[in-house]
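K.L.:
Would you be able to build a 3D model of this:
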Amino acid sequence: MAHHEFTPDHYHTSIGWHEPVLEIAPGDSVATSTVDARGQDRRGEKVTERGNPMTGPFYVKGAEAGDTFVVCFDKLYPNRDWGWTGKQIAPNVLDPGFATGFQPDDEPLRWPVDLKAGTTGQPDTLPGLQLPLCPMVGCFGVAPPRGQAISTATSSTYGGNMDYRGFVEGVTVYLPVEAPGALFFLGDGHAIQGDGEIVGTGVEISFDVTFSVDLIKDKQIGWPRAENETHLLVAGNARPLDQCVEHATSELVRWLEEDYGLSAQTAHSLLGQCVEYDMGNVFDPAYTMVCKIEKALLEQLGTKRDY
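P.N.:
Model prediction:
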């Protein structure tokens, strides 16, 4: 196991089969940085084009199609004292014809960020309100199948722009490997964000990031899986929203049956009364819904994962 320090000098606005920036091995960790969604770095300087520029890709030795890539977000934290957001709720989140009174305007709202206090606020629109930081990574993933390079505006089986506020420090994520080396990308840091990213942004900001990787050989999954201290989670990415629910729910059922040994009847009964859903992105081309179950319930059933 090795620790790597990596300073990016270029970024990608697609997740795909790009030339790797660093070769690492299962068990290694990497400390690096990301720029914000408009390509601005820790100094606020625009160093690359806008559109969720990604750091990476990182090549994991031994990763092959049919494996599962594992990443743990060991550190996610803003590295400058301001971020920015959109100004208005996206039209697709409101009733058709809902009058907002806003005029077209591409200028974002600037949010001061107090890194020492761990807070942010918007003094002009939310005077007196201070919100605790909850840093999360909005877009990350591995190379999609068949040599594709897919815009960081969207998401699918490989991950992508899911904007789920549960992808925070300490979370472990599982992604299906489709390319040699997996080719892992990450970026789009948010200091804080509400469910759904309904104004098209969180508080967008550059990040310092440390992540560690692993590999499960000959283990094939269909959709991004994750776990934190309390829950198993699956992200379904598609549009319309009901298709996201279908993907996420089906993948969680498969996880419970294949890896925890639950019978179909047990899995369906458990989820029927105990399932939880969280909304990820409902702004971009593909929406995200997260289906999750408490680990404590599986412990009560006496089940253990087989890896």
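
K.L.:
what's the helix or strand for Q273?
P.N.:
With elements delineated by DSSP states H and E, Q273 resides in helix 264-274, which encompasses its position.

K.L.:
what about that helix, distance to the chain center?
P.N.:
Here helix 264-274 shows a centroid-to-chain-centroid distance of 27 Å under the convention C-alpha atoms, centre = their mean, to the nearest Å.

K.L.:
Give me the packing partners of it, helices and strands only.
P.N.:
On a contact count with 3 or more C-beta pairs under 8 Å, 6 or more residues apart in numbering; DSSP states H and E, helix 264-274 meets helix 241-260, strand 287-294. Glycine gets a C-beta too; all of them are placed from N, C-alpha and C.

K.L.:
Please name the bridge partners of P78.
P.N.:
With beta bridges defined as DSSP bridges, P78 has these partners: F207.

K.L.:
On the pLDDT front, check it for me.
P.N.:
Per-residue pLDDT puts P78 at 98.

K.L.:
hang on, it packs against S206?
P.N.:
Yes: contact status for P78 versus S206: in contact at 6.9 Å, counting by C-beta atoms under 8 Å.

K.L.:
Show me the strands in the stretch 51-200 of the chain, by range?
P.N.:
For the stretch 51-200 of the chain, the strands defined by DSSP state E, counting those that start in this stretch cover 54-60, 68-78, 82-85, 109-114, 119-120, 131-132, 136-142, 149-151, 155-156, 159-161, 172-176, 184-190.

K.L.:
Now render those strands as CSV, adding distance to F98 and mean neighbour count.
P.N.:
Supplementary listing: those in CSV, determined by distance: least, C-beta to C-beta, whole Å; neighbours: other C-beta atoms under 10 Å:
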stretch, distance to F98, mean neighbour count
strand 54-60, 33, 25
strand 68-78, 33, 20
strand 82-85, 20, 21
strand 109-114, 20, 16
strand 119-120, 28, 21
strand 131-132, 26, 12
strand 136-142, 25, 28
strand 149-151, 28, 16
strand 155-156, 26, 26
strand 159-161, 25, 30
strand 172-176, 35, 21
strand 184-190, 25, 29
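
K.L.:
Give me whichever of the helices and strands packed on helix 264-274 is most buried.
P.N.:
A comparison of the helices and strands packed on helix 264-274 by mean neighbour count, using mean count of other C-beta atoms under 10 Å, puts strand 287-294 on top with a mean of 24.

K.L.:
What's the end-to-end length of stretch 300-307?
P.N.:
Start to finish, the residues bounding stretch 300-307 are 19 Å apart (C-alpha to C-alpha, to the nearest Å).

K.L.:
Next up, the contacts around A179.
P.N.:
Counting by C-beta atoms under 8 Å, 6 or more residues apart in numbering, A179 makes contact with 17, 65, 142-143, 145, 147.

K.L.:
Quick check: closest non-adjacent residue to K217.
P.N.:
Leaving out its chain neighbours, the residue that sits closest to K217 by C-beta to C-beta, 6 or more residues apart in numbering is D67, at 5.4 Å.

K.L.:
which ones are touching that neighbour?
P.N.:
Counting by C-beta under 8 Å, 6+ apart, D67 makes contact with 177, 182, 215-220.

K.L.:
before we move on, back to that, which one, of the helices and strands packed on helix 264-274, ends up nearest to G189?
P.N.:
Distance to G189, taken as C-beta to C-beta, is lowest for strand 287-294 among those, at 17.0 Å.

K.L.:
List the contacts of that closest one.
P.N.:
In contact with strand 287-294 (C-beta under 8 Å, 6+ apart) are residues 155, 162-164, 166, 230-241, 244-245, 247-249, 251-252, 256, 270-271, 274-282.

K.L.:
so after it, what's the next helix or strand?
P.N.:
Using DSSP H and E, the helix or strand that follows strand 287-294 in sequence is helix 295-300.

K.L.:
other SSEs contacting that next one?
P.N.:
Contact partners of helix 295-300 among helices and strands, from 3+ C-beta pairs under 8 Å, 6+ apart: strand 231-238.

K.L.:
And the contacts of the strand it packs on?
P.N.:
154-157, 159-160, 162, 164, 166, 223-227, 243-249, 251-252, 255, 276, 278, 280, 286-295, 298.

K.L.:
Give me the below-cutoff pLDDT ranges for the stretch 51-200 of the chain.
P.N.:
Per-residue confidence for the stretch 51-200 of the chain (pLDDT under 70) gives no ranges below the cut-off.
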